[in-house]
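>>> Here is my input; please provide its structure:
(chains A, B, C and D)
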Protein chains: 2
Amino acid sequence: MRTSEGVEWGLHCCLTLAWVGGADPVPSARLAAMFELSPTYLNKVLQRLTRAGLLTSAPGPRGGVRLARAPERITVMDVVAAVEGPDPLFSCAEIRQRGAGAEGAAVREFARPCGVSTAMRRAELAWRRELSAQTVADLAAGTPAASVARIRANYARLAGSSV
Amino acid sequence: MRTSEGVEWGLHCCLTLAWVGGADPVPSARLAAMFELSPTYLNKVLQRLTRAGLLTSAPGPRGGVRLARAPERITVMDVVAAVEGPDPLFSCAEIRQRGAGAEGAAVREFARPCGVSTAMRRAELAWRRELSAQTVADLAAGTPAASVARIRANYARLAGSSV
DNA sequence: GGTTCCCTACTCGGATAGAGTCTGTCCGAGTGTGCCAGG
DNA sequence: CCTGGCACACTCGGACAGACTCTATCCGAGTAGGGAACC
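Predicted coordinates for the structure are as follows:
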């Protein structure tokens, strides 16, 4: 079990958009050049963020993506859910209901979820709660000023060289 | 991202061992029959639990596995880590250090982990904390008595029919 | 009858295929821009 | 000089291969138990 690498890409792109993105859209190719990522695959990740309503995309020349909401209103959980999909970490297969002796059990016995599922879900909720507690704006505020300045300069350089 | 199904198998097997396992080892084939699981693949899952020190295995006739510790001293986190492996959910690829402008940045800028990594790790720690807070004994205590009785009866029936 | 040996059957353990998902790539549809011709 | 139309180039969006992990399977090494032969 490992989170897909696209999550990291998506978060860094949201941060970059929060810093350098104004009213003008940013092409995904430029974001890819910022971090030396595969442009086409990053495009796929940004597509998911767009479909989830976190970004808005504009086609044509001078097109690209930009944040659909203020960075304060985009949580890390939003980005993770958009990239990874809505499936929960742990999906209970209800193996307790299988087995030779299960069909004879009272249906009422399985009305409540089993303890295994409950325990895993409780941990997953804690995970989601922590992810929801931090926004893109929080991450941006916690970044050293030197890094922000470097990213802005790098972005300006790329924007000036037709990328 | 989805936890492997072996986690659920391992937890249910630990619970079953806590209920029906005494001094005698339980063969993995019987545990597989309890839940109608693939016997060989369950064997692989139990191998990981054994290698992690959660179970002890005995070869030969009348062999099998049993809990290596008291159920109170086996946490859900132990089982998850044993089955899934020690890798963290989120592994930071440090893409912030990539890109054309990165090599000119001061090394001191990257001394601290980036905010993305920190945020993801904080959520993962909350997840692990919740998993560590619950033991196999807790799960066993929370199971309805009817289910425990059914599992014990099912186990006795299987043990009597040379499985 | 007791003891020793051997043989069998059963167990775990690791090495070996198949399926599903993540990563990476390609090409087509759609759109805004800039240019050019005409008035 | 201003306006309308048009061709272009650039963007996103979805359809298409390759790689890796998860799932499932098979066979071999090792061991405890039971039975037979022997004393």
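
>>> Which parts of chain A are helices?
For chain A, the helices defined by DSSP state H occupy A:5-20, A:28-35, A:39-51, A:76-84, A:115-133, A:136-141, A:145-160.

>>> What about A:Met120, how many residues nearby?
27 (other Cβ atoms under 10 Å in any protein chain shown). For the C-beta atoms, the positions are set from N, CA and C on the backbone; glycine is no exception.

>>> ok, the closest residue to it other than its chain neighbours - how many residues close by?
Nearest residue to A:Met120 in three dimensions, chain neighbours excluded: A:Phe90, at 3.9 Å (Cβ to Cβ, 6 or more residues apart in numbering or on different chains). Neighbour count for A:Phe90, taken as other Cβ under 10 Å: 21.

>>> ditto for A:Val148
Neighbours around A:Val148, by other Cβ under 10 Å: 16.

>>> So, low pLDDT: which residues of chain A?
Where chain A drops to pLDDT under 70, the residues are A:100-107, A:162-163.

>>> Write out the residues of it neighbouring DNA strand C.
A:4-6, A:38, A:40-41, A:43-44, A:58-63, A:84-85 (Cβ under 7 Å from any atom of the strand).

>>> show me what contacts A:Tyr41?
A:Tyr41 sits next to A:Gly6 when contact means Cβ atoms under 8 Å, 6 or more residues apart in numbering or on different chains.

>>> Relative to B:Arg2, how far out is it?
Separation of A:Tyr41 from B:Arg2 (Cβ to Cβ, to the nearest Å): 21 Å.

>>> what does A:Ala140 give?
Taking Cβ to Cβ, one finds A:Ala140 at 30 Å from B:Arg2.

>>> the more surrounded of those two?
A:Ala140 (17 against 12).

>>> Excluding chain neighbours, give the residue nearest to the more buried one in space.
A:Ala18 (5.0 Å).

>>> Tell me the spacing between that neighbour and chain B.
From A:Ala18 across to chain B, the span is 12 Å (Cβ to the nearest Cβ, to the nearest Å).

>>> residues in contact with that residue?
A:Ala18 neighbours (Cβ under 8 Å, 6+ apart): A:67, A:71, A:136-137, A:140.

>>> ok, and the most crowded of those?
Of the contacts of A:Ala18, with other Cβ under 10 Å as the count, A:Val136 tops at 27 neighbours.

>>> That one against A:Pro71, yeah?
Yes - here A:Val136 lies in contact with A:Pro71, judged by Cβ atoms under 8 Å, at a distance of 4.2 Å.

>>> anything in stretch A:53-70 sitting right up against DNA strand D?
Yes - using Cβ under 7 Å from any atom of the strand, stretch A:53-70 reaches DNA strand D at A:57-61, A:63-65.

>>> Among the residues you listed, the buried ones, what's the ChimeraX command?
A single ChimeraX command selects the buried members of these (16 or more other Cβ atoms under 10 Å in any protein chain shown):
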select /A:57,64,65
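
>>> Which two among the residues of stretch A:53-70 next to DNA strand D are spaced furthest apart?
A:Pro61 and A:Val65 (14.6 Å; Cβ to Cβ).
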